[in-house]
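**Q** Curious how this folds, go ahead:
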Amino acid sequence: MERPSFERIFAEYAPRVRAYFLKHGLNRSLADEVVQEVMLSVWNNEDRFDPEKGGLSTWVFTIARNRLIDSVRRQRRPEPDPDDPCWVGDRESQVPSPERATVELARARSLRSALEHLPAEQRRVLEGLYFEGMSMSELSSATGIPLGTIKTRARLALKALRQHMGDGGGES
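**A** Down below sits the predicted model:
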């Protein structure tokens, strides 16, 4: 395409394409940007224009429509935010604040103290279940203590821990 021909096409179609974009909801800045993309595509793809298939206006507005669709899709599917918690995890759990660290330390000390005050049989059941990751059945088999006794000791130990740590004495 010769430069004078393209200048005429640009002069005639750029304002119409821009109006088309504004009418379909693009803001002025984005409309101007996409008009430039359309006109560049017209310039670079002149060999694809076939007057037997349709007029110049149809071809230009087909390109414009496709660019509009692309633009709307980009707006609806924004680039991922690298700071989004779903990508980086919960930063609070990674680096606790000094206040949170102090509270967690006090709670850990209180838990250790509460565990020390439990009867040895109850403490052993909690250690097996929570620190060694055993199921109640596994703990029963490993210690030779009946499963019902394991369940009772676990329930009583948890109740005592709740009371000692101030979480209320209600059973769960």
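
**Q** Surely residue 139 touches residue 127?
**A** No - in terms of CB atoms under 8 Å, residue 139 does not count as a neighbour of residue 127; the distance is 9.4 Å. Where C-beta positions appear, they are placed from N, C-alpha and C, glycine not excepted.

**Q** neighbour-wise, which of those two wins?
**A** More neighbours surround residue 139 than the other of residue 139 and residue 127, with 20 against 15 (other CB atoms under 10 Å).

**Q** Secondary structure element holding that one?
**A** Secondary-structure assignment from DSSP states H and E places residue 139 in helix 136-143.

**Q** hmm, who's touching that helix?
**A** Residues from elsewhere that reach helix 136-143, judged by CB atoms under 8 Å, 6 or more residues apart in numbering: 124, 125, 128, 129, 134, 145, 146, 147, 149, 150, 151, 154.

**Q** So which of these is the closest to residue 71?
**A** residue 129 (57.6 Å; CB to CB).

**Q** how about residue 97, phi and psi?
**A** In terms of degrees, to the nearest 10, the main-chain angles of residue 97 are phi -70, psi 160.

**Q** Look up the pLDDT of it for me, please.
**A** The score at residue 97 is 80. That number is its pLDDT.

**Q** what about residue 9, distance to residue 32?
**A** Taking CB to CB, to the nearest Å as the criterion, residue 9 is separated from residue 32 by 17 Å.

**Q** And the protein, what are its domain boundaries?
**A** Structural domains of the chain, as assigned by automatic domain parsing, span the residue ranges 3-76, 98-165.

**Q** Right, I'll call it a day here.
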